[in-house]
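In: Dropping a prediction and its sequence here:
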Amino acid sequence: MPTSPVKTRIPLTSFGHLVTEVKRQLFGIEPPVSVEYTGWRKYFNSYTPQGRRNYVLATYGILVATAAVFMIHRRNRQEKVTSSSTI
Amino acid sequence: MMTSFFDQFMSPSLLGIPLMALAFVLPWLLFPSPAPRWLTNRLLTLQGWFINRFTSQLLLPVNVGGHKWALILASLMLFLISLNMLGLLPYTFTPTTQLSLNMGLAVPLWLGTVLIGLRNQPTAALGHLLPEGTPVPLIPVLIIIETISLFIRPLALGVRLTANLTAGHLLMQLIATAAFVLLPLMPAVAITTSVILLLLTILEVAVAMIQAYVFVLLLSLYLQENV
């Protein structure tokens, strides 16, 4: 039975396509092609897959770094408290 | 021993021997195995038609790389639909009311789709965590929200199936008990309650089939965005 090559299902797990369509039809904002990006925008933007990936990795990296700094700071403070109580 | 409404959800055991394995195997015994004939009987033809039709419809939007999942998704669908439907019979145990079973199905399959996405197309898999066209100030918040929604998926899959079936079975037992108790007291009300019970049973048959389909459909959607 011949099947249609058109994918008719809208991916329910991401609203990015809907956001892009709304911006295009209501406000006339077109997603810029990657050729127009210069500077840091070339690597960090919310339109190209690479840009989105870099944003995600940067966010995760900042969260992990913040958690690591917080845990090291807490451990140092506990060591200071235990060392001052033994004196 | 006082029986409660929740006894139907207890894992079956006989003299201390758990019968859960028997509850899983029973649906398999009810499906006819393929015969070495070119033209099979009506039941086998119907089964083959249903499996082919279902699998082709389910995998229509999935790329070719995801077609390897055809067997497991079709098997899962048959497994769930048979367990759900058999559980509607009186005095039977429904394994899909156990959260442990549903989570045991949902978590590995969901994790499989995520790992396949990260292994084969990491850029696209990570890019899914940020919707296209998001304004810059909202990006960190949205990434965190999308990450949370990603990890909630297996939980939602398992709990959805468990809650729907548990609630349906409990409701049927409550209304049946009410109809039975009211019969000598208020026969007219008992008849009305019985009519409601009949409608609820029809609804539960639909819910049993739909919930099995939704479970498998959502897994195919998760696979679709990672393949």
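Out: Arrived safely, thanks for sending.
In: number of nearby residues for B:Met186?
Out: B:Met186 has 12 neighbours, counted by other CB atoms under 10 Å in any protein chain shown. C-betas here are computed from N, CA, C, even on glycine.
In: ok, now B:Val25?
Out: Number of residues near B:Val25 (other CB under 10 Å) recorded here: 9.
In: Name the next helix or strand downstream of the one helix or strand it maps to, please.
Out: Assigned by DSSP states H and E, B:Val25 falls within helix B:20-30. From helix B:20-30 onward toward the C-terminus, using DSSP H and E, the following helix or strand is helix B:42-58.
In: Restricting to C-alpha, output that following helix in CSV.
Out: Below are the C-alpha coordinates for helix B:42-58, written out as CSV (Å, rounded to 0.1, in the frame of the first residue of the first chain):
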residue,chain,number,x,y,z
ARG,B,42,-9.8,-16.3,10.2
LEU,B,43,-8.3,-15.6,13.7
LEU,B,44,-4.7,-15.8,12.5
THR,B,45,-5.5,-13.5,9.5
LEU,B,46,-7.2,-11.0,11.8
GLN,B,47,-4.3,-11.0,14.2
GLY,B,48,-1.8,-10.6,11.3
TRP,B,49,-3.8,-7.8,9.8
PHE,B,50,-4.1,-6.0,13.1
ILE,B,51,-0.4,-6.3,13.9
ASN,B,52,0.6,-5.1,10.4
ARG,B,53,-1.8,-2.3,10.3
PHE,B,54,-1.0,-1.1,13.8
THR,B,55,2.8,-1.2,13.2
SER,B,56,2.7,0.6,9.9
GLN,B,57,0.5,3.4,11.3
LEU,B,58,2.7,3.7,14.4
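In: Are that helix and chain A in contact anywhere?
Out: Yes - interface with chain A: helix B:42-58 contributes B:Ser56 (CB under 8 Å from any CB of the partner chain).
In: who's in contact with the residue nearest in space to the middle of chain A?
Out: For chain A, the residue nearest the mean C-alpha position is A:Val56 (2.7 Å; CA atoms, centre = their mean). Contact analysis of A:Val56 by CB atoms under 8 Å, 6 or more residues apart in numbering or on different chains lists B:126-127, B:129-130, B:143.
In: Looking at those residues, state which has the most neighbours.
Out: Comparing the contacts of A:Val56 by number of neighbours (other CB under 10 Å), B:Leu130 comes first, having 25 neighbours.
In: Look up how far A:Ala65 lies from that one.
Out: Distance of B:Leu130 to A:Ala65, computed by CB to CB, to the nearest Å: 19 Å.
In: residue ranges with poor pLDDT in chain A?
Out: For chain A, the stretches with pLDDT under 70 are A:1-14, A:32-35, A:87.
In: what about the residue nearest to the centre of chain A, which helix or strand?
Out: Applying DSSP H and E as the criterion places A:Val56 in helix A:49-86.
In: Please point out which parts of that helix sit buried.
Out: Burial within helix A:49-86, assessed by neighbour count using 16 or more other CB atoms under 10 Å in any protein chain shown, is assigned to A:49-56, A:59.
In: If you count neighbours, what's buried in stretch B:156-176?
Out: Residues of stretch B:156-176 classed as buried by neighbour count (16+ other CB under 10 Å): B:157-158, B:160-162, B:164-166, B:168-169, B:172-173, B:175-176.
In: count of residues packed around the residue of chain A found nearest chain B?
Out: Among the residues of chain A, A:Gly16 lies closest to chain B, at 3.5 Å counting by CB to the nearest CB. The number of residues packed near A:Gly16 is 19, by other CB under 10 Å.
In: And A:Tyr47, by the same measure?
Out: For A:Tyr47, the count of nearby residues is 18 (other CB under 10 Å).
In: I appreciate the help and will end here.
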